[in-house]
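Engineer: Just need the structure, nothing else, for what follows:
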Amino acid sequence: MSTLTLAKAINAGLRRAMQDDEKVVLLGEDIGALGGVFRVSDGLQAEFGARRVIDTPLAESAIIGTAVGLAYRGYRPVCEIQFDGFIYPGFDQIVSQVAKLHYRSRGAVKMPITIRVPFGGGIGAAEHHSESPEAYFAHTSGLRVIAVSNPQDAYSLLRQAIANDDPVLYFEPKRRYHVKGEVAEELGTSMESATVVTAGTDVTLLAYGPLVTTAADAAVAASDEGVSIEVIDLRSLAPIDYPTIEASVRKTGRLVVTHEAAQSGGIGGEIIAAITERCFPFLEAAPVRVTGWDIPYPPAKLETHFLPDLDRILDGVDRVMGR
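Structural biologist: As a prediction, this is how the structure comes out:
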């Protein structure tokens, strides 16, 4: 077991996957000699060579298209999209080809492609560098979508994603890259499973990616006022682990969902609809969403007003508690 930052845990996961399977190849802008803009792939090209850690042109559609061809030939490509807002030029390839080829070919063609996406705000970046596009892909059948929040999950879920025969969108919270934690070699629970971060009895609070830490802080703050919050890290956004959520909501009777992405058409609304259908007799109050606003991501100086923070999440808890 080692203490690693989230970024170093991803690096370790990539290295282990490449050691275990020579068909694992990395593609991305500046991931080789530079080691990526966040240095996540630092040292991997020197270790495995330029034929397995490939510096690509600045063309996301070409990165994904090349990965499709490699997957056809039996490789397991891992693509890095340098920033979340850069994924849109590759959107057509992801939703029209990557997501559908297994189904279209009646299972004859597998697409074991992992697409790494640094996402979310909180780093004071320029336009197109701080977005949360995960709902687009969770809506697309044929794709698995996961979001990690801590170094252990960053390592183990990445290894699971690369080993999976389905295409996986792997969202990593860029503002948590320097968070440290213990990382074990074991892969742990399935990447499809949500985990209970903090047990509680009064309110179920769902989060994923960068807001899991904020949600855990909210649970500590609420406990000072006698409110017991059960924090759940979703981890998987497609498919969603509804049994874990249902068990919690049936116990607490109240649900708050938080994410950085805008509210309309977001993951939170889908979860609330599903839980209302499944757990309506157990709900003591209408579920609450605490999200980003329905506007384009704002300039860096204004992002603190856009991102859900401790106060906004606690306000959501107060609302669902009727306070």
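
Engineer: H129 sits in which helix or strand?
Structural biologist: Under DSSP states H and E, no helix or strand contains H129.

Engineer: which residues touch it?
Structural biologist: With contact set as C-beta atoms under 8 Å, 6 or more residues apart in numbering, H129 has these partners: F83, D84, G85, I123. C-beta here means a position set from N, CA and C on the backbone, and glycine is covered the same way.

Engineer: rerun at 6 Å
Structural biologist: By C-beta atoms under 6 Å, 6 or more residues apart in numbering, the contact list for H129 reads F83, G85.

Engineer: What distance do you get for it to A67?
Structural biologist: In this view, H129 and A67 are 23 Å apart by C-beta to C-beta, to the nearest Å.

Engineer: okay, now the nearest residue to P299 once chain neighbours are set aside: neighbour count?
Structural biologist: Nearest residue to P299, sequence neighbours excluded (C-beta to C-beta, 6 or more residues apart in numbering): E127, at 7.7 Å. Using other C-beta atoms under 10 Å, the number of residues around E127 comes to 12.

Engineer: With E270 instead?
Structural biologist: 17.

Engineer: got the phi/psi numbers for the residue nearest to P299?
Structural biologist: Backbone torsions of E127, given as degrees, to the nearest 10, read phi -60, psi 140.

Engineer: Can you name the next helix or strand after the strand ranked longest in the chain?
Structural biologist: In the chain, taking DSSP state E as the definition, the longest strand is strand 255-262. For strand 255-262, the following helix or strand on the C-terminal side (DSSP H and E) is helix 267-279.

Engineer: Can I get the helix or strand that that next one is followed by in PDB? Just the C-alpha atoms.
Structural biologist: Downstream of helix 267-279, the next assigned helix or strand under DSSP H and E is strand 288-292. Extracted in PDB, the C-alpha atoms of strand 288-292 (Å, rounded to 0.1, in the frame of the first residue of the first chain):
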ATOM      1  CA  VAL A 288     -33.700  18.400  -3.700                       C
ATOM      2  CA  ARG A 289     -31.000  19.100  -6.300                       C
ATOM      3  CA  VAL A 290     -27.900  21.300  -5.500                       C
ATOM      4  CA  THR A 291     -26.100  21.900  -8.800                       C
ATOM      5  CA  GLY A 292     -24.400  24.300 -11.100                       C
END
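
Engineer: Contacts for whichever helix or strand comes after strand 288-292, please.
Structural biologist: Once strand 288-292 ends, the next helix or strand along the chain (criterion: DSSP H and E) is helix 303-306. Residues from elsewhere that reach helix 303-306 (C-beta under 6 Å, 6+ apart): G121, G292, W293, P298.

Engineer: switch the cut-off to 7 Å
Structural biologist: If you take C-beta atoms under 7 Å, 6 or more residues apart in numbering as the criterion, helix 303-306 is touched by G121, G122, S130, G292, W293, Y297, P298.

Engineer: Next, give me the two most distant ones among the residues you listed.
Structural biologist: Greatest spatial distance among the contacts of helix 303-306 (C-beta to C-beta): G122 and W293, at 15.3 Å.

Engineer: These two - which one has more neighbours?
Structural biologist: Using other C-beta under 10 Å as the criterion, G122 and W293 rank with G122 on top: 17 against 14.

Engineer: what sits against the closest residue to that one other than its chain neighbours?
Structural biologist: In this structure, G122 finds its nearest non-sequential neighbour in R175, 3.4 Å apart by C-beta to C-beta, 6+ apart. Counting by C-beta under 7 Å, 6+ apart, R175 touches G120, G121, G122, I123, P210.

Engineer: gap between the last one and F171?
Structural biologist: It stands for P210. Taken as C-beta to C-beta, the span from P210 to F171 is 10 Å.

Engineer: next one: Q82
Structural biologist: From Q82 over to F171 (counting by C-beta to C-beta), the distance is 14 Å.

Engineer: Looking at those two, which one has more neighbours?
Structural biologist: Neighbour count, other C-beta under 10 Å: between Q82 and F171, F171 has more, with 27 against 21.

Engineer: which other helices and strands contact the strand or helix carrying that one?
Structural biologist: In this structure, F171 sits in strand 168-173 according to DSSP H and E. When contacts are defined as 3 or more C-beta pairs under 7 Å, 6 or more residues apart in numbering; DSSP states H and E, strand 168-173 packs onto strand 114-119, strand 144-147, helix 151-163.
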